[in-house]
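A.B. asks: Quick check, what structure comes out for this input:
(chains A and B)
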Amino acid sequence: MTGGHTSPIEETARVPDTDASPSPADMIAEVIGLIPHAQSLGMETIHATRGMAIMKLPYDERLVGNPENGVVHGGAVTTLIDTVAGIAAITTPKVPLRVATLDLRIDYLRPATPRLPLFAMAEVYKSTRQIAFLRATAYQDGPQDLVASATGTFMFVGPRPPGSKH
Amino acid sequence: MTVELGPIIRAAREANDPTPIVEAIPYARFLGISARAEEAVLLTTLAFSEGNIGNPAVPAIHGGVVGAFLENTAILQLLWALETVHVPKTITITLDYLRTAGPAETYARATVTKLGSRVANVRAFAWQADESKPVAGANANFLVTPPDE
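C.D. replies: Numbers count the residues shown, from 1 in each chain, chains lettered A, B, ... in the order given. Predicted coordinates for the structure are as follows:
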């Protein structure tokens, strides 16, 4: 089957259909808790609705890519964007599904300012039965001064039988 | 943070061992990246760690980590093979996720496809057990600082 890395997540990727269900924000907080790498970076969800999410990545010297100036590595921005986009994508379908990133294109518009947190916002602008198309941005002080802009596609992946090959 | 990279990079090239360059980049260390020189090309390794997992149910390494590993590999290759002693700035990177990256060591190599006076285009691939089955690929453009600046 088509591969792709797998972003969050399985059973918890359930969008509430009734008012009695947990809110998208609560659901996503739970999903984030299940991503070890998001935990190790201290990522948190700031806001989430169906097909849209905003997350925060605190500044951390372990993420520095240029030791001459303390600027965070582009790869850390990629990780933040991949996570927030995966989160926005899983809130789209009504049945619980995993998502796998198919591709991501990231434009780095300016270096992130050292010692400030990064935020990223992702939104699903089109979702089909199999694929979610997303736009995402990363910023610090506000969305008018972007650090990065990205587009990506994510594939919905049904629950896989245990032990099956991929 | 005011580490001067120039002497570290020049000494590493002189000794034909990229390790001090990798060690000088905090994020490469944090992810668990190492590198060794195969003549002009670096072979990089991403050690497996639980902290790099994105989905424990599969389990799979976080796609962001795989992308970051490719970007690191491209940058390290530029620092290794070019004259520059400054970390190249990523302008754009396009990542294709081809297979699940499972809980194992991941390897990568990068090729400089075009080197202009200011911009370098680099392609990189990552794989796990079988180099002919890449888990992800990257195509990136970097702004490169000339060595005398």
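
A.B. asks: how about the strands in chain A?
C.D. replies: In chain A, the strands defined using DSSP state E lie at A:5-6, A:44-49, A:52-57, A:64-66, A:71-72, A:98-108, A:118-127, A:131-139, A:146-157.

A.B. asks: Tell me which of the ones you listed sits most buried.
C.D. replies: With neighbours taken as mean count of other CB atoms under 10 Å in any protein chain shown, these reach their highest mean count in strand A:5-6, at a mean of 28. All C-beta spots, glycine's among them, are computed from the backbone N, C-alpha and C.

A.B. asks: Okay, now the unreliable bits of chain A?
C.D. replies: Chain A contains residues with pLDDT under 70 at A:1-27, A:29-30, A:95-96, A:159-166.

A.B. asks: max-length helix in it?
C.D. replies: If each helix of chain A is counted by residues according to DSSP state H, the longest one is helix A:74-90.

A.B. asks: Now tabulate the strands of chain A in JSON lines and tack on distance to chain B.
C.D. replies: Below are the strands of chain A laid out as JSON lines (distance: least, CB to the nearest CB, whole Å):
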{"stretch": "strand A:5-6", "distance to chain B": "4"}
{"stretch": "strand A:44-49", "distance to chain B": "15"}
{"stretch": "strand A:52-57", "distance to chain B": "10"}
{"stretch": "strand A:64-66", "distance to chain B": "4"}
{"stretch": "strand A:71-72", "distance to chain B": "8"}
{"stretch": "strand A:98-108", "distance to chain B": "4"}
{"stretch": "strand A:118-127", "distance to chain B": "11"}
{"stretch": "strand A:131-139", "distance to chain B": "12"}
{"stretch": "strand A:146-157", "distance to chain B": "9"}
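
A.B. asks: Give the buried residues for the helix or strand harbouring B:L78.
C.D. replies: Under the criterion DSSP states H and E, the helix or strand holding B:L78 is helix B:63-81. Neighbour-count burial for helix B:63-81 flags B:63-81 (criterion: 16 or more other CB atoms under 10 Å in any protein chain shown).

A.B. asks: Of these, which are in range of chain A?
C.D. replies: Checked against chain A using CB under 8 Å from any CB of the partner chain, the buried residues of helix B:63-81 yield the following neighbours: B:G63, B:G64, B:V65, B:V66, B:G67, B:A68, B:F69, B:E71, B:N72, B:I75.

A.B. asks: What degree of burial does the nearest residue to the second one once chain neighbours are set aside show, as a neighbour count?
C.D. replies: It stands for B:G64. Among residues not flanking B:G64 along the chain, A:T79 sits closest, at 2.7 Å (CB to CB, 6 or more residues apart in numbering or on different chains). Burial of A:T79, expressed as a neighbour count using other CB atoms under 10 Å in any protein chain shown, amounts to 29.

A.B. asks: thinking A:T79 is in contact with B:V66, fair?
C.D. replies: No: under the criterion of CB atoms under 8 Å, A:T79 lies out of contact with B:V66, with a separation of 9.4 Å.

A.B. asks: Mind picking out the helix or strand in chain B with the poorest mean pLDDT?
C.D. replies: Of all the helices and strands that make up chain B, strand B:53-55 has the lowest average by mean pLDDT, DSSP states H and E, namely a mean of 91.

A.B. asks: Provide the strand pairings for it, with the direction of each partner.
C.D. replies: Under the criterion DSSP bridges, strand B:53-55 sits next to strand B:60-61 (antiparallel) in its sheet.

A.B. asks: And the partner strand, how far out from the chain middle?
C.D. replies: For strand B:60-61, the distance from its own C-alpha centre to the chain's C-alpha centre is 18 Å (CA atoms, centre = their mean, to the nearest Å).

A.B. asks: Repeat that for stretch A:45-56.
C.D. replies: When distances are taken as CA atoms, centre = their mean, stretch A:45-56 is centred 9 Å away from the chain's centroid.

A.B. asks: do stretch A:71-88 as well
C.D. replies: On the basis of CA atoms, centre = their mean, stretch A:71-88 sits 7 Å off its chain's mean C-alpha point.

A.B. asks: Restricting to C-alpha, output it in PDB.
C.D. replies: Taking only C-alpha atoms (Å, rounded to 0.1, in the frame of the first residue of the first chain), the coordinates of stretch A:71-88 have been written out as PDB:
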ATOM      1  CA  VAL A  71      18.400  30.400  15.200                       C
ATOM      2  CA  VAL A  72      16.100  27.300  15.400                       C
ATOM      3  CA  HIS A  73      16.700  24.700  12.800                       C
ATOM      4  CA  GLY A  74      14.300  24.600   9.800                       C
ATOM      5  CA  GLY A  75      13.700  20.900  10.600                       C
ATOM      6  CA  ALA A  76      12.100  21.900  13.900                       C
ATOM      7  CA  VAL A  77       9.700  24.200  12.000                       C
ATOM      8  CA  THR A  78       9.000  21.300   9.700                       C
ATOM      9  CA  THR A  79       8.200  19.100  12.700                       C
ATOM     10  CA  LEU A  80       5.800  21.700  14.100                       C
ATOM     11  CA  ILE A  81       4.100  22.200  10.700                       C
ATOM     12  CA  ASP A  82       3.800  18.400  10.100                       C
ATOM     13  CA  THR A  83       2.300  18.000  13.500                       C
ATOM     14  CA  VAL A  84      -0.300  20.800  13.300                       C
ATOM     15  CA  ALA A  85      -1.200  19.800   9.800                       C
ATOM     16  CA  GLY A  86      -1.700  16.200  10.800                       C
ATOM     17  CA  ILE A  87      -3.800  17.300  13.700                       C
ATOM     18  CA  ALA A  88      -6.000  19.500  11.400                       C
END
